[in-house]
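Visitor: Sequence and computational prediction follow.
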Protein chains: 2
Amino acid sequence: MKLKFFRPDWTEEAPAPGTFRSIAKYGDPHHFKHPSDAWVKMMKQDFHMSDADFLHKQNEGLAPVVLNRPSALKSSQIDALKSIVGPENIATDDYARVKYSSAKTSEEIIELRQGIIREVADVVVHPRDKNDVRKIVEYCDAELIPVTVFSGGSSCNFGCRPFKGGISLVLSTHMNKLLEVNELNQTARVQPGMFGPAYEKALNQSPEIFHTRLRYTCGHFPQSFEYSTVGGWILTLGSGQASTYYGDACDIVFSQEYVTPAGTFKTLDYPATATGPKVNEIMKGSEGVFGILVEVTMKIFRYMPENRQRFSFMYPTWEAAVDASREIMQSEFGKPAIFRISDPEETDRGLKLYGMPGIVDAFLAFRGFKPMQRCLGMGNVEGDKDFTRLVARKIKRIAAKYGAISLTGYAARKWEHTRYTEPYMREDLNDYGILIDTLEAGVTWDNLHRLHAGVRAYIKGRPDTMCLTHASHFYPQGTNLYFIFVARMNVDEYVTFQNGIIDRIQKFGGSLSHHHGVGRLLAPWMEEHLGREQMAVLRAVKRHFDPHNIMNPGGQLGLDEIPPRR
Amino acid sequence: MKLKFFRPDWTEEAPAPGTFRSIAKYGDPHHFKHPSDAWVKMMKQDFHMSDADFLHKQNEGLAPVVLNRPSALKSSQIDALKSIVGPENIATDDYARVKYSSAKTSEEIIELRQGIIREVADVVVHPRDKNDVRKIVEYCDAELIPVTVFSGGSSCNFGCRPFKGGISLVLSTHMNKLLEVNELNQTARVQPGMFGPAYEKALNQSPEIFHTRLRYTCGHFPQSFEYSTVGGWILTLGSGQASTYYGDACDIVFSQEYVTPAGTFKTLDYPATATGPKVNEIMKGSEGVFGILVEVTMKIFRYMPENRQRFSFMYPTWEAAVDASREIMQSEFGKPAIFRISDPEETDRGLKLYGMPGIVDAFLAFRGFKPMQRCLGMGNVEGDKDFTRLVARKIKRIAAKYGAISLTGYAARKWEHTRYTEPYMREDLNDYGILIDTLEAGVTWDNLHRLHAGVRAYIKGRPDTMCLTHASHFYPQGTNLYFIFVARMNVDEYVTFQNGIIDRIQKFGGSLSHHHGVGRLLAPWMEEHLGREQMAVLRAVKRHFDPHNIMNPGGQLGLDEIPPRR
């Protein structure tokens, strides 16, 4: 006899220390987010799975990590590094070498669960401060030892993998402090290895810690917020969920200090300056190939959560949702902070997954909001109280003009509760051979529908594959498209499929990445994307900073070589 | 017998064609803006001048331009250039060679009036389109002929002077068209040599010209608006008077197309992208040393002048004006478009010059707004109607909180009428040996008073010298200081004095330039300002783009050499 609602035996225990799973698992080892019953039902239906398919977990990665590869560094080199940072800040054991060579790329996760280890660091180094970093870079440049930075470790494109071995330089161990809040300038001087929550908490508590008059917020809240660091946000050109108001990571940077093989420097501390091309800009997005960000001054913002206004809507169609969003972004009454629109598939699956009373569904259908046509939109407004009221009112008016009905702030509130937890679900899906991953692209308004249709057609062309798409970062000139795909497949099928999606993003005119960065994953497409001339510019800057190619070598950004894919 | 109000015999005729004066004069040859009687009175008093000092004009530059220097280019080279652009687009006559080698630096103007000619181009070339530019750059790179771009010719730092001779490439003759308005994306594709008024007019008339639904504005209105071009705005990192809302020139650029010795390329057309360091950023502010901007896509904005809200205030002190401005910029209710505060000397001289009824002055003094303490503030708000009302209301409230009284929108309206005409007054002052010039710097809030006091003390340390200072471009993190100095002096005294001011801007922590660019004028300070490491980065990029150093060589930005000062 079968239970009416079969529920898989989701893992509820933190991975055992030392295991592959402990490296592969996202976030807090003790936190889990299991697929809802509705999710299970949907997967069974869409992927033609039965309860039997959820009885046995696959590739759980429960084995202890054993590397069995000697470090390529000489013991004299290890000793030299020890003398710089102290022996307690050096690790050469198998587990540390694998852990600090791995991030959260789907392919990495799946392989780790299978006990497969690709390129790893020879030694893990935890610098105590920027002087340590300077000495390490000088030493490694002289000895030709590759240096790859590990900070939050949330990269989804092999950004932390030391393709040429050498050092994994872990910035989040010690270099993780908020050093100063300058209230006059509304800036914060912070170390690159500080994680999002600690940074935001310290800013919120600025009056108690730094004796400021007001409380502040960092304005940058990516989905990886809890497991990404300030430095990583800048080096990969990240975007937070509230970027439509606060700006992308690159907009929130005031000045930066770098250690490079060509020297140490701090960019100018001015709100604006007309003294030639800005080195401050050249460094952003450099993904560790020019040098190491050792300190950064960020713009900060007044923390006024009491003024937040939330909204959510149902639009009749994707076209209406896009048109309304464009008008909102171009109307010049101020911008919302969080702003998202989901395409029909994401909307309908979302409604099913997160539950909508039948009566609401009936009402929506009656009002003409049909499944696989209607689109959910939601967000909030932050800032001054009168400003947030004005902007929310204007947004509602424009949404209504495009035929949307207001669903109140409920959906936005509900979304906020899970805004950082979605990545946790990957463990459970992977346990039963289901892969979930994302690719995303920046796009102008005039190309949005072409890109959406083109990429979606490719993804849906694969049988039994979910494709959920939303736009979540808005500008007067366009937005981004974020494609989530879910399917039952093995890692080889996955890689082939992922390559195909990237090909389509390129073909249909999306940017290769809107906010995930390039890493090695997208490196093979870079030259076609940027063009030969612009790649040559980046390579020239690379040669200047790093003539011996020790900084994150082996294909990051596609500058020194094109890394092979499996 | 003397007239009660002696009025100097201001020049009222357009300079004769072919004369030095016709090159030195700013703007429209037929337009003049004479100092008011109040100005004359003030100059006489402050500079100890009598009517007699205004009887005889000095160095009027009425002589015809005679160069008497053979072109260093071979006739075969001239022929080759003719075959590219057509003989009608080549000039080698003395007048053209001097005209297209001169811009509006004070030192240039004074020397031209004296008939002194410094470095000039060997040939003037007017390319018809970007293909011409590409062929010219290829040819000049092969023949090692220097290329200096001339577009609007409003540079105030020797940006257009061909220090190494060669070609002056004039972009404003043919490459001055608005090619496309993309209404979906709110972008305009424009040629670099288009002047401000033509560009703005075409955008305002976009429905008639491009069949758009709405009218648009460029959002960039520098004082040089009428005689500067879109390309110049970007290449020198300019700021418009409404930059506080619309952003600086660098913020308004969407994508750019360049011709360089290392190839031709167009940067990516995305509202955001995370594909490594942005070449689009690297090119901004490159002042012609990397290559030639041949086409640019700019962000544009809805044109809604009917929603404009104006305001002006009198603050009791400079400190109050600064504190109120900072609070306005950091309060997150939206930003004004134009926003200016004048320091006490500029305020008092302004009140005298532009006239204030005695009763108003008495009222202000009675209310405690004392001369040489009180400060004028003014500006406007643009955008959506409800937005402009909200922002204006908020600004008034904050100004009042800091003790200001509202002077209604009158002062702002009056200022708008003269917003582009101030530079015309220089001719009249120069005619009687009085020099007027400006230097300006970006600065954070926490250093504003130090920079203001330090630079002002130096300027006022010179006897009989006016110093008018305002801040006119605002950011949450700071603003700019714009120093205007007026004195009777010769060009040698002027150069020494100017050098001293730049030294003080550097010493007291201002940026070397907020929006005038570097040119050769500020080049000698660049290495100390940016630091050796960052200058090395710019030089590396320069070497990549221009290995034979043909692009605007001879000290622009201080990259290839430090140009000698007189």
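Guide: Okay, I see it.
Visitor: Any idea how many residues pack against A:Asn307?
Guide: Using other C-beta atoms under 10 Å in any protein chain shown, A:Asn307 is surrounded by 16 other residues. C-betas here are computed from N, CA, C, even on glycine.
Visitor: care to break chain A down by domain?
Guide: A:75-172, A:178-302, A:305-419, A:522-566 (automatic domain parsing).
Visitor: list the helices and strands the helix or strand bottoming out on mean pLDDT in chain A packs on?
Guide: None of the helices or strands of chain A scores lower by mean pLDDT, DSSP states H and E than helix A:358-366, at a mean of 79. Packing contacts for helix A:358-366, counted by 3 or more C-beta pairs under 8 Å, 6 or more residues apart in numbering or on different chains; DSSP states H and E, involve no helix or strand.
Visitor: chain center to it, what's the gap?
Guide: Its chain's C-alpha centre and that of helix A:358-366 lie 35 Å apart, by C-alpha atoms, centre = their mean, to the nearest Å.
Visitor: coming back round to it: need the domains of chain A in a markdown table with distance to B:Val537, can you?
Guide: Shown next, in a markdown table, are the domains of chain A (distance: least, C-beta to C-beta, whole Å):
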| stretch | distance to B:Val537 |
| --- | --- |
| domain A:75-172 | 16 |
| domain A:178-302 | 5 |
| domain A:305-419 | 33 |
| domain A:522-566 | 6 |
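Visitor: deepest of the ones you listed, which one?
Guide: Counting by mean count of other C-beta atoms under 10 Å in any protein chain shown, domain A:178-302 has the highest mean neighbour count of those, with a mean of 23.
Visitor: give me the low-pLDDT residue ranges for the stretch 451-566 of chain A?
Guide: A:565-566 (pLDDT under 70).
Visitor: Show me which residues of it are close to chain B?
Guide: A:473, A:475-480, A:511-518, A:522, A:526, A:529-534, A:536-538, A:540-541, A:543-545, A:557 (C-beta under 8 Å from any C-beta of the partner chain).
Visitor: Narrow these to those in helices?
Guide: Using DSSP state H, the members of those that fall within helices are A:526, A:529-530, A:532-534, A:536-538, A:540-541, A:543-545.
Visitor: Show me the strands in the stretch 1-150 of chain A, by range?
Guide: Secondary structure of the stretch 1-150 of chain A (DSSP state E, counting those that start in this stretch): strands at A:90-91, A:123-125, A:147-150.
Visitor: what's near enough to touch the residue of the stretch 1-150 of chain A found nearest chain B?
Guide: Nearest residue of the stretch 1-150 of chain A to chain B: A:Arg134, at 12.4 Å (C-beta to the nearest C-beta). Counting by C-beta atoms under 8 Å, 6 or more residues apart in numbering or on different chains, A:Arg134 makes contact with A:Val259, A:Thr264, A:Val294.
Visitor: And those residues, which is closest to chain B?
Guide: Closest approach between the contacts of A:Arg134 and chain B, by C-beta to the nearest C-beta: A:Thr264, at 7.0 Å.
Visitor: Give the closest residue to that closest one in space, chain neighbours not counted.
Guide: Here the nearest residue to A:Thr264 in space, its sequence neighbours aside, is A:Arg134; by C-beta to C-beta, 6 or more residues apart in numbering or on different chains that works out to 5.7 Å.
Visitor: Is A:Val125 bridged to anything, and to what?
Guide: Beta-bridge partners recorded for A:Val125 (DSSP bridges): A:Ile90, A:Leu169.
Visitor: On the pLDDT front, check it for me.
Guide: A:Val125 is assigned a pLDDT of 98 by the prediction.
Visitor: I'd assumed A:Leu171 was in contact with it.
Guide: No - judged on C-beta atoms under 8 Å, A:Val125 makes no contact with A:Leu171 at a distance of 10.1 Å.
Visitor: residues in contact with stretch A:172-182?
Guide: Under C-beta under 8 Å, 6+ apart, the answer for stretch A:172-182 is A:89, A:126-130, A:133, A:150-153, A:187-195, A:198-199, A:202-203, A:206, A:209-210, A:212, A:216, A:229, A:294-295, A:300, B:446.
Visitor: do the same with stretch A:429-437
Guide: Contact with stretch A:429-437 is made by A:8, A:10-11, A:35, A:43, A:47, A:49, A:53-54, A:57-60, A:106, A:109-110, A:113, A:156, A:425-426, A:484-491, A:494, A:498, as judged by C-beta under 8 Å, 6+ apart.
Visitor: Give me the buried entries from the residues you listed.
Guide: A:8, A:10-11, A:35, A:43, A:47, A:49, A:53-54, A:57, A:59-60, A:106, A:109-110, A:113, A:156, A:425-426, A:484-489, A:491, A:494, A:498 (16 or more other C-beta atoms under 10 Å in any protein chain shown).
Visitor: Can you pick out the ones from those residues that are in helices?
Guide: A:Met43, A:Phe47, A:Ser106, A:Ile109, A:Ile110, A:Arg113, A:Met425, A:Arg426, A:Val491, A:Tyr494, A:Gln498.
Visitor: quick one: the strands in the stretch 351-500 of chain A?
Guide: A:375-381, A:405-406, A:434-444, A:466-471, A:478-488.
Visitor: if I pick the residue lying closest to A:Gly531 once chain neighbours are set aside, what's in contact with it?
Guide: In space, and not counting its chain neighbours, A:Gly531 is closest to B:Phe265: 5.4 Å by C-beta to C-beta, 6+ apart. Contacts for B:Phe265 (C-beta under 8 Å, 6+ apart) come out as A:Gly531, A:Glu533, A:Gln534, B:Glu257, B:Tyr258, B:Val279.
Visitor: now, which of the residues you listed sits nearest B:Val120?
Guide: Using C-beta to C-beta, B:Tyr258 is the member of those that sits closest to B:Val120, with 25.8 Å.
Visitor: Would you check that A:Glu422 makes contact with A:Lys33?
Guide: Yes - when contacts are counted by C-beta under 8 Å, A:Glu422 is listed as touching A:Lys33 (7.3 Å).
Visitor: The residue in the stretch 101-250 of chain A that chain B sits nearest to: what's it in contact with?
Guide: Here the stretch 101-250 of chain A gets closest to chain B at one residue, A:Leu237, 3.7 Å apart by C-beta to the nearest C-beta. A:Leu237 sits next to A:Asp248, A:Ala249, A:Cys250, A:Lys284, A:Gly285, A:Ser513, A:His515, A:Gly517, B:Ala272, B:Thr273, B:Ala274, B:Thr275 when contact means C-beta under 8 Å, 6+ apart.
Visitor: any idea which helix or strand carries the last one?
Guide: With elements taken from DSSP states H and E, nothing contains B:Thr275; it lies in neither a helix nor a strand.
Visitor: how about it, what does it touch?
Guide: B:Thr275 sits next to A:Leu237, A:Gly285, A:Ser511, A:Leu512, A:Ser513, A:Val518, A:Leu522, A:Met526, A:His529, A:Leu530, B:Leu268 when contact means C-beta under 8 Å, 6+ apart.
Visitor: just the fourth one next, same as before
Guide: By C-beta under 8 Å, 6+ apart, the residues touching A:Lys284 are A:Ile234, A:Leu235, A:Leu237, A:Ala249, A:Cys250, A:Val253, A:Gln256, B:Pro277, B:Lys278.
Visitor: What values do phi and psi take at it?
Guide: phi -60, psi 140 (degrees, to the nearest 10).
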